[in-house]
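> Take a look and give me a structure for this.
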Amino acid sequence: MTKVQTTIRTAASFAGVGLHTGRPVRMTIRPAAAHFGIWFRRTDISDRDGLIPARYDFVPDARLCTRLRNADGAEVQTIEHLMAALAGCGIHNALIEIDGPEVPILDGSAAPFVRAILARGIQRQPAPIHAIEVLHPVTVTDGAAHATLRPNDGLTMRFSIEFDDAAIGRQERQADLSNGHFVRELCDSRTFCRASDIDAMRAAGLALGGTYENAVVVDGDRVLSPGGLRHADEAVRHKMLDALGDLALAGAPLLARYEAHRAGHALTNRLLRALFAVPGATRMVEIAGERAARLPGVGVGAEDLAHVA
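Purely as a prediction, here's the structure:
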């Protein structure tokens, strides 16, 4: 059966604070027409264009989080968890209205967004799905960190991380993101940091809204956040969550294998820029049948809510 584009069936609203700005913010995910894509609209901006496309080439900075900025200078940051939720639920079209410069951090994972999307339902739309097929491997590096996109029939990942803190250490995980794997296995994994980094981040004007309730904080072999870890390898699962959100800025689902070691938002954005800069490295294809059925989010439903923290 031909697969079609989707949007959220009814609007979902959220209120919280930004992780880095600490500012209160209200945000609503609204349904959008087929072929609309994913856009943000800053409702608090009236003197210039407040519409911002969720595209990799509108990312001016990806230090600690992913930021978007349009030609008029309107910005929204820390979008990666929301973008991962939209991609992981198979949402192709949505308008996100937000009254501040940062998506609310909520519990530090994508689970609250996933829960709201699935609770409100996913609306099928009369338009075929187009995907970006990766035809040639592309790699970017930054010291010991590296990230690669390779040809693949669906979207799969292999990610490894390495930290001195024994509470994290070295972790590696692979995933085939088809058939709701993101919702069941990755979406509830929270952002994390080392206790030694907090003062430095706050001195730089970052992590002003961070708490032990919306991030996993580790110190050596100790997990300082109440309740401990949701998964023994929560850190690498969260890095994969971030990567899905950043890859969703390609503008369409990717048919690729993503492989990364110690990669972050900036390196994944560099990878997308490198991919689209290579002539013949990609092509846009209309997909259906078994190929379309393997896209992230296809077949996800209310029953998957039981797996969401």
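> In terms of secondary structure, what does the helix-or-strand element of the chain with minimal mean pLDDT contact?
The helix or strand with the lowest mean pLDDT-type score in the chain, counting by mean pLDDT, DSSP states H and E, is helix 195-203 (a mean of 80). Using 3 or more CB pairs under 8 Å, 6 or more residues apart in numbering; DSSP states H and E, the elements in contact with helix 195-203 are strand 216-219. All C-beta atoms are positioned from the backbone trio N, CA, C, and that covers glycine.
> Residues in contact with the strand it packs on: which ones?
108, 165, 167-168, 190-196, 198, 223-225, 229, 234-235 (CB atoms under 8 Å, 6 or more residues apart in numbering).
> Buried ones among these?
108, 165, 167-168, 190-194, 198, 223, 225, 229, 234-235 (16 or more other CB atoms under 10 Å).
> just checking, which of the residues you listed belong to strands?
Phe192, Cys193, Arg194, Val223 (DSSP state E).
> residues in contact with the third one?
When you say that, I think you mean Arg194. Phe163, Asp165, Val217, Val218, Asp219.
> Closest to Asp57 out of the buried ones among the contacts of strand 216-219?
Thr191 (24.8 Å; CB to CB).
> hmm, back to that, counting neighbours, which of the contacts of Arg194 comes out on top?
Among the contacts of Arg194, Val218 has the most neighbours (other CB atoms under 10 Å), with 23 neighbours.
> Could you dump the ones in strands among the buried ones among the contacts of strand 216-219 into TSV with distance to Pro126 and pLDDT added?
TSV is the format used below for these (distance: CB to CB, whole Å; pLDDT from 0 to 100):
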residue	distance to Pro126	pLDDT
Phe192	42	92
Cys193	44	85
Arg194	49	85
Val223	48	94
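> ok, so of those residues, who is nearest Leu271?
Phe192 (22.0 Å).
> what's stretch 266-275 in contact with?
56-57, 59, 62-63, 66, 134, 138-140, 142, 145-149, 242-243, 246-247, 249-250, 260, 263, 281-282.
> Name only those of these that count as buried.
By 16+ other CB under 10 Å, those give 56, 59, 62, 66, 134, 138, 140, 145-149, 242-243, 246-247, 249-250, 260, 263, 281-282 as buried.
> From the residues you listed, which land in helices?
Applying DSSP state H to the buried ones among the contacts of stretch 266-275, the entries found in helices are Asp242, Ala243, Asp246, Leu247.
> Go through these and say which is closest to Gly73.
Asp246 (21.9 Å).
> Report the separation between that closest one and Arg30.
Asp246 is 23 Å from Arg30, where distance means CB to CB, to the nearest Å.
> Please apply the same query to Thr21.
23 Å.
> Likewise for Gly227?
33 Å.
> what comes up buried for stretch 181-191?
His181, Phe182, Val183, Glu185, Leu186, Cys187, Asp188, Ser189, Arg190, Thr191.
> distance between it and the chain's centre?
Once both centres are worked out by CA atoms, centre = their mean, to the nearest Å, stretch 181-191 turns out to sit 11 Å from its chain's centre.
> ok, and what's touching that stretch?
Counting by CB under 8 Å, 6+ apart, 19, 81, 84-85, 87-89, 105, 107-111, 114, 118, 175, 214-216, 230-231, 234-235, 237-238, 240-242, 244, 296-297, 300, 304, 307-309 sit against stretch 181-191.
> Which parts of the protein are helices?
80-88, 111-120, 181, 195-203, 234-247, 265-277, 289-293.
> Now distance to Ser46 too, for these, in JSON lines please.
Output for these, formatted as JSON lines (distance: least, CB to CB, whole Å):
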{"stretch": "helix 80-88", "distance to Ser46": "23"}
{"stretch": "helix 111-120", "distance to Ser46": "27"}
{"stretch": "helix 181", "distance to Ser46": "42"}
{"stretch": "helix 195-203", "distance to Ser46": "31"}
{"stretch": "helix 234-247", "distance to Ser46": "29"}
{"stretch": "helix 265-277", "distance to Ser46": "29"}
{"stretch": "helix 289-293", "distance to Ser46": "41"}
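> Most tightly packed of those?
With neighbours taken as mean count of other CB atoms under 10 Å, those reach their highest mean count in helix 80-88, at a mean of 28.
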